[in-house]
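K.L.:
dropping the sequence and predicted coords here.
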Protein chains: 2
Amino acid sequence: MMTPQETAAVLALRDRWSRLSRHQQAIEFTRLPRGAQDDYFLSLETAAQAELLRLVPESERRVWIRLLAPDDAADVLQSMDTRDRSGFLDMVDEATRNDINALLAFKEDVAGGLMNPRFARVRAEVPVEEALSYLRRQSEALKRVDQVFVLNEDQQLVGTVSLATLFLADPAESVSTVMDAQPVSVAEGLEQTEVARVLRHSRLAAVPVLDAQRRMIGVVTIDDIVDVIDEEASSDMQKVGGMEALDQPYLQTKFFDLVKKRAGWLAILFVGEMLTATALGYFEGELDKAVVLALFLPLIISSGGNSGSQATTLVIRAMALGEVALRDWFRVIGREIFAGLALGCILAVIGVTRIYAWEHLFGTYGEHYGMLGLTIGFSLIGVVMFGTFAGATLPFILRRVGLDPASASAPFVATLVDVTGLIIYFTVARLVMTGTML
Amino acid sequence: MMTPQETAAVLALRDRWSRLSRHQQAIEFTRLPRGAQDDYFLSLETAAQAELLRLVPESERRVWIRLLAPDDAADVLQSMDTRDRSGFLDMVDEATRNDINALLAFKEDVAGGLMNPRFARVRAEVPVEEALSYLRRQSEALKRVDQVFVLNEDQQLVGTVSLATLFLADPAESVSTVMDAQPVSVAEGLEQTEVARVLRHSRLAAVPVLDAQRRMIGVVTIDDIVDVIDEEASSDMQKVGGMEALDQPYLQTKFFDLVKKRAGWLAILFVGEMLTATALGYFEGELDKAVVLALFLPLIISSGGNSGSQATTLVIRAMALGEVALRDWFRVIGREIFAGLALGCILAVIGVTRIYAWEHLFGTYGEHYGMLGLTIGFSLIGVVMFGTFAGATLPFILRRVGLDPASASAPFVATLVDVTGLIIYFTVARLVMTGTML
């Protein structure tokens, strides 16, 4: 039991933790009251646990690694170099080592890699009273996950029941009468985002993991899933922001990594955007005759980029939450084209008003301001419609060919729309202005 | 118990659900096997539950509203018009009605509005055996949340203990010896994002809610928090994408709302971007003399926008996860300025290489290509540095003045950087080219 001072020390460190360097973290951690270190260590993220294990004196490592549940220990080992792993594996007892090795065979981001292989189990046909006394002998598993799993003689899952339900049931009834006989479960190879979706939808606190023979091999709990949800949202948001996912807290990312994860996409976007220089080269004649067209160039193309950014963000997020699937493309694209039309008209009205107003107030644009207004208005409608269309379509195409829809980042869509946007702009200008300004 | 066919029907509907219209949802729901409807209804989101309650025949409403826990019923009522509420309130028993009315007094997005007011409670000084038999009389509460809360005679929280721990403990010991006497708790007025952070960090499945007198008034469970986390991530991502948060699934958003939530920001950005036309007006002389400058305009300003988008996305997400706080601004801005310098240099090298290569291959840029290359190179470094600086700074400023940092959307930063970017570009051009091209 901690004193209030100790609790305060823990809470204060918790608050500063993610802003400390790894080395400072290790120092602060060793300064914590001994009684507080256990809970603190267990509440850390995998990467921080791995780093601490590396930094504490060798004599203490055994204590910490043994504190971890097999699934968490496997995650920690997975985040280490293969070279470091065996030393840590030697520190745990044989049963745990076998569990960890089994878990290491799974990829980190599938149900099998997330699961805890220890769970409380009972038989369906025994009376509740007998099941409860059998559960008392499974105390370690029950303390971690209080869901109880009902298996048959082949270790296949036939039902689930919460400890509370068993505890409250008539002791003479059989387990099968109180269990949920249609339990939700996931396959060992299911990806973590899908596991998260199952837990979200079923509102369960834990979901059993089955192997190919439908034998239960572990359980994924909702606290693991909260991490998955946070990670996925961070990674999606960073990709939509036009960079590689950072995969670790911002202040703990090394400067070189920070630049590397951004430089790649920035350079790709830059090379893509070079096409605007090429495309504009074809319209140099128009620019020479009517320099006023250059004044509105950033305004036109950025409107396409902004509307594309909105559309792609909406579709990517809806896909991530499972609200939109591939087969919905027709409905989504249909909506987006009309949304683009409506939004384009709104911007066109603002743009044309501005040109007419400035002309009447300051005489900015000369005798052909009417033609200029028409060009700007029609270009805006075309560019915004194309922007929303491209922004909504790209995530579908990426998912269709098996890539991550979140790669259809807002800057990527904006670049695509910039090139197309200026072609639309100058084409409209040619149609409207030839004979007057051009 | 459901037949496999019924289970299959439920799973199939679950998969299609979010893509159906509200009306189709009601029809499909009433077609579900009766035994499956309960679970299905409970697993739905608040908005969908409210809609279903409105669509089912009046005679059935009572059944469904009574199925909901008081906190969920309060959420459902909160999402209805005030006019509709009283009818539904009349359908529940008095105890539940009192609970619901108490919950309705809280804002929906604070701990008090999220909590379930029913929870299992015991006294610290009683033996475990007595506590367990007392818990059997609190079956409804225990089935929902299997954490047990230890209160003193003033209803103040003195500890927590899981049902599993009590169940496994020596029956003769007192509850106080097995409980956690320093339990994590939240205040009734704490915002839901902060509640989510507490649950994430403590790795608890449920957290007690205390009033100003430290009396326990309810419990927030992790499944409520998963919804909060999803909502916040969606809302942040949509704001970063340059629009208002949608607050409901994409395909269920009415077309008019979809346009409205996007048109506002799009129009603001458009009006902001009009400054580029004004700023370019000041450089019309330069554009007239060296039309080649216009060719690189989109390239230069979009590079600033893209690097700003990266920086703002990183900072906003790090703030949302609590990895970065206001006091870290100096470290963050410092890193970003250097990151901007590094990224700017990388783009400058690519840009200058392109100009030199095109000149040598195609003779595109004429005798002053060297000056043009210098202008492009220095402009890129300046614009990218300004972009990262502005993108990283804006979220801090917004949070400092009490606004949502996520409003520093990528398109907003891009617009800001577009205007500044072209001023940097033409200023560099004047410095480098005066006497040759200008």
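P.N.:
Okay, I see it. Numbering: from 1, shown residues only, chains lettered A, B, ... in the order given.
K.L.:
ok, which stretches of the stretch 1-150 of chain A are helices?
P.N.:
With DSSP state H, counting those that start in this stretch, the ranges of helices along the stretch 1-150 of chain A come out as A:4-16, A:22-31, A:34-43, A:46-55, A:58-67, A:70-78, A:82-89, A:94-104, A:111-114, A:128-136, A:139-144.
K.L.:
want to throw the ones you listed into TSV with distance to chain B, mean neighbour count and mean pLDDT?
P.N.:
(Glycine included, C-beta is placed from N, CA and C.) Listed next are these as TSV, based on distance: least, CB to the nearest CB, whole Å; neighbours: other CB atoms under 10 Å in any protein chain shown; pLDDT from 0 to 100:
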stretch	distance to chain B	mean neighbour count	mean pLDDT
helix A:4-16	5	14	73
helix A:22-31	13	15	79
helix A:34-43	5	16	77
helix A:46-55	12	19	80
helix A:58-67	13	14	81
helix A:70-78	11	23	82
helix A:82-89	22	13	78
helix A:94-104	19	17	83
helix A:111-114	15	25	89
helix A:128-136	6	17	92
helix A:139-144	5	17	82
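K.L.:
residue closest to the middle of chain A?
P.N.:
Closest residue to the average C-alpha location of chain A: A:Glu232 at 1.6 Å, with CA atoms, centre = their mean.
K.L.:
confirm that one sits in a helix?
P.N.:
Yes. Counting by DSSP: H, G, I helix; E, B strand; the rest coil, A:Glu232 is found in a helix.
K.L.:
can you tell me the helix or strand for the closest residue to it other than its chain neighbours?
P.N.:
Leaving aside its chain neighbours, A:Glu232 sits nearest to A:Thr193 (5.7 Å; criterion: CB to CB, 6 or more residues apart in numbering or on different chains). Element membership for A:Thr193 (DSSP states H and E) is helix A:192-202.
K.L.:
just A:Asp154 next, same as before
P.N.:
A:Asp154 belongs to no helix or strand, assigned by DSSP H and E.
K.L.:
these two touch, right, it and A:Arg215?
P.N.:
Yes. If you go by CB atoms under 8 Å, A:Asp154 and A:Arg215 touch, sitting 6.6 Å apart.
K.L.:
more neighbours: these two, which one.
P.N.:
Per other CB atoms under 10 Å in any protein chain shown, whichever of A:Asp154 and A:Arg215 has more neighbours is A:Arg215, with 15 against 9.
K.L.:
where does the closest residue to the more buried one other than its chain neighbours land on pLDDT?
P.N.:
In space, and not counting its chain neighbours, A:Arg215 is closest to A:Gln155: 4.3 Å by CB to CB, 6+ apart. Note on A:Gln155: pLDDT of 92.
K.L.:
and the one 3 residues further on, by the same measure?
P.N.:
Note on A:Val158: pLDDT of 94.
K.L.:
next, it: secondary structure please.
P.N.:
Per three-state DSSP, A:Val158 ends up strand.
K.L.:
tell me who's in contact with the residue of the stretch 101-250 of chain A found nearest chain B.
P.N.:
With CB to the nearest CB, the shortest gap between the stretch 101-250 of chain A and chain B falls at A:Gly241, namely 2.8 Å. Contacts here follow CB atoms under 8 Å, 6 or more residues apart in numbering or on different chains; on that basis A:Gly241 touches A:Ser409, A:Ala410, A:Pro411, B:Val240, B:Ser309, B:Gln310, B:Thr312, B:Thr313, B:Leu314, B:Ala410.
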